[in-house]
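S.K.: this one's structure only:
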């Protein structure tokens, strides 16, 4: 079971129930949810999300990580791969949400690249997908930089699959 990954600047470790305060800070930041079509979640909803994300690790051996700046040991984001059913087949959903204070430093790209490389090397064999809103240009650019290409034709969402 994958518990953590390290990159040049990041520690990616599985989420734990005691991460709730920092997860509420990150998930509950309105600026970080600018492109979230359902808006910023309540603390109760975030607690429910965290319980599901922790359960993913137990049930599937993979899930979202707490993204920690290795130099400062501060949590800067949440992200990784979560098993989902997409278009009737198993897939790994790529997710990332970072504190606005660290935007523009390439940390989401670094985290996402590590996740995709792990999935291609050791993952469960399901394709990685990125599903985002059509106006989320930062997410679209990140997916494209990772080698994902647009797929699907939903009028509200863009789906990206790895080439």
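M.R.: Everything's here; your move. Everything quoted here is computed from the prediction, not taken from an experiment.

S.K.: Tell me the spacing between residue 22 and residue 73.
M.R.: For residue 22, the distance to residue 73 equals 12 Å [Cβ to Cβ, to the nearest Å]. Any C-beta I mention is one placed from the backbone N, CA and C, and that applies to glycine too.

S.K.: what sits against residue 119?
M.R.: Neighbour list for residue 119: 81, 92, 126, 128 [criterion: Cβ atoms under 8 Å, 6 or more residues apart in numbering].

S.K.: Mind pulling the model confidence for the second one?
M.R.: Same thing as residue 92. Looking at residue 92, its pLDDT stands at 92.

S.K.: SS state for it?
M.R.: Classification of residue 92 using DSSP: H, G, I helix; E, B strand; the rest coil returns strand.

S.K.: ok, now the first one?
M.R.: Using three-state DSSP, the three-state assignment for residue 81 comes out as strand.

S.K.: how about the nearest residue to it, chain neighbours excluded?
M.R.: Closest residue in space to residue 81, ignoring its immediate chain neighbours: residue 92 at 4.1 Å, by Cβ to Cβ, 6 or more residues apart in numbering.
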